[in-house]
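next come a sequence and a model predicted from it.
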Amino acid sequence: MNIAVLGAQWGDEGKGKIVDLLTPNFSVVCRYQGGHNAGHTVYANGRKFVLRLLPSGILHDGITCVIGNGVVVDPQALFAEIDEVSAAGVRIGDRLIISDKAHLILPYHRELDLLSEARRGERKIGTTSRGIGPAYEDKIARRGVRVGDLANREALREAVEHNVAARNRIIGDTTMDPRRVLDELQAAWERMSPWVTDVSLFLARARAVGRPIMFEGAQGTLLDIDHGTYPYVTSSNATVGGVCTGLGVPPRAIDGVLGVAKAYTTRVGEGPLPSELTGELGNRLRESGQEFGAVTGRPRRCGWYDAVAVRYAVRINGLDALALTKLDVLDGLPELQVCTSYRIRGASLTEMPGDVAQLAACEPVYETIAGWTSPTAGVRRYEELPREARAYVSRLEEITGVPAAIISTGSAREDTIIRQGSVAAKWFAP
């Protein structure tokens with residue numbers, strides 16, 4: 001069985017832990033979009049790993065990890081990550097596969113990203129300024145450089161010289177030398193080439209022999225370029241449709257979709273967040289949940305669980321189940337709030353509006369649920385959760401419309417409840 005695991009909120013939901021946890025049930029783990037702006041945090045064997053480009057299955061021996069054509073790859077960031085995990089004892093070898101059609105992030109993309117954000121002024125998006133957006137812009141404008149292009153030095157030279165000349169016209173303060181960029185790319189190709197192949201063909205052959213595949217998304221549904229809170233979004237399709245376009249597999253290759261959602265809500269960067277909490281409660285969630293970006297270190301905005309947003313993710317992605325993470329962060333709160341609908345100019349909304357200005361004007365409508373005093377941290381059996389915590393999970397299932405098949409109660413792999421009898425239990429080994 002092949003499943004997609006993706007974010008059901010604004011990213012940072014804990015996808016890295018969930019993918020790592022489930023990896024032993026699969027043979028291949030594939031990233032289908034995004035770049036090294038993603039930060040999938042995994043705690044394994046007493047160590048913390050922050051995976052940016054490498055799929056979160058890389059920590060398991062014998063698993064083939066795939067970087068699809070929908071990902072934009074900064075070669076230097078990729079090599080630094082490979083060196084980091086290798087130094088920690090993770091053997092990469094021939095377990096990594098990179099699509100020859102994946103687009104590259106080049107030095108001028110980072111500069112253009114910084115310039116673009118600075119020019120937006122008060123309308124800034126809050127990007128990570130790692131060149132992700134400009135690399136996708138070049139892809140859509142058909143002037144991008146793909147991994148496979150590195151094998152054709154003459155064509156590569158023409159493309160780089162053209163793009164660097166355009167960069168020099170835009171950024172007049174300094175001049176970039178295309179020869180330096182070409183030299184960097186030549187060195188990158190020498191190291192990268194053994195991993196480069198036709199990913200679509202590889203996955204077709206893997207499916208033909210019955211190898212189970214997990215498709216790993218980055219960011220989250222509400223950051224999707226088409227279906228997120230535009231323009232405060234990422235530059236790729238983080239929703240389930242990105243699996244097909246980002247890896248070259250047909251829709252029927254996806255047998256199930258697991259959405260990952262926190263037991264509350266967070267967001268990094270600009271844009272509306274209807275259930276946002278400020279003051280003491282917001283700080284309490286941020287500090288208790290260690291809500292700081294794994295890649296940027298930026299503090300995340302925190303709020304109560306937004307069921308309207310998660311229901312939207314259920315609809316857009318056809319979610320079969322949720323993995324509910326960070327339940328333990330809510331330990332000790334006397335009561336909890338859940339946003340069940342929005343109110344705007346006296347009218348009630350039970351579905352997320354598509355217009356970002358309208359969403360920003362929405363006020364959350366809350367339902368109060370009793371909190372719990374007994375700790376959930378480290379609990380590994382559903383029956384051992386406090387009664388109030390089970391009632392909270394049950395209510396989230398009711399108003400979201402899908403079961404919580406997995407509940408995370410801590411950062412370690414073992415601090416997880418996999419609920420037997422749920423609709424998705426067949427996907428996972430106990």
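Cool, got the structure. Residues are numbered from 1 along each chain as shown.

just the strands in the stretch 1-150 of the chain please.
3-7, 28-31, 40-44, 47-51, 64-67, 72-73, 96-99, 103-104 (DSSP state E, counting those that start in this stretch).

so which of those strands comes closest to Trp372?
Closest approach to Trp372 among those is made by strand 40-44 (24.2 Å; Cβ to Cβ). Yep, even glycine has a C-beta here, placed from its N, CA and C like the rest.

now the residue lying closest to Ser27 once chain neighbours are set aside: how far from Phe26?
Of all residues not flanking Ser27 in the chain, Arg211 sits nearest, at 4.0 Å (Cβ to Cβ, 6 or more residues apart in numbering). Per Cβ to Cβ, to the nearest Å, Arg211 is found 8 Å from Phe26.

now the spatially closest residue to Glu111 that is not a sequence neighbour, what are its backbone angles?
With Cβ to Cβ, 6+ apart as the criterion, Glu111 has its nearest non-adjacent residue at 5.9 Å, and that residue is Ile171. Phi and psi for Ile171, reported as degrees, to the nearest 10, are phi -110, psi 90.

right, and Ile171 touches Leu115 too?
Yes: here Ile171 reaches Leu115: they are 6.5 Å apart, a contact under Cβ atoms under 8 Å.

coming back round to it: indicate which one of the strands of the stretch 1-150 of the chain is closest to Ile225.
Across the strands of the stretch 1-150 of the chain, Ile225 has its closest neighbour in strand 72-73 (12.6 Å, Cβ to Cβ).

avg pLDDT for that closest one?
The average of the pLDDT scores along strand 72-73 is 97.

what packs against it?
Other helices and strands packing on strand 72-73, by 3 or more Cβ pairs under 8 Å, 6 or more residues apart in numbering; DSSP states H and E, are strand 103-104, helix 132-140.

which one of the ones you listed is the most hemmed in?
strand 103-104 (a mean of 23; mean count of other Cβ atoms under 10 Å).

so what does the most centrally placed residue in the chain look like in phi/psi?
With distances taken as Cα atoms, centre = their mean, Ala218 lies nearest the centre of the chain, 2.0 Å away. Note on Ala218: backbone dihedrals following degrees, to the nearest 10 are phi -110, psi 160.

which residue is the nearest non-sequential neighbour of Val19?
Using Cβ to Cβ, 6+ apart, the closest residue to Val19 is Ser56 (3.8 Å).

identify the residues contacting that neighbour.
For Ser56, the contact set (Cβ atoms under 8 Å, 6 or more residues apart in numbering) comprises Lys15, Gly16, Lys17, Val19, Asp20, Thr23, Val29, His40, Val42, Glu216.

quick check: of these, which lies closest to Gln358?
Scanning the contacts of Ser56 for proximity to Gln358, where the rule is Cβ to Cβ, the winner is Lys15, at 28.6 Å.

biggest helix in this protein, by residue count?
helix 153-170 (DSSP state H).
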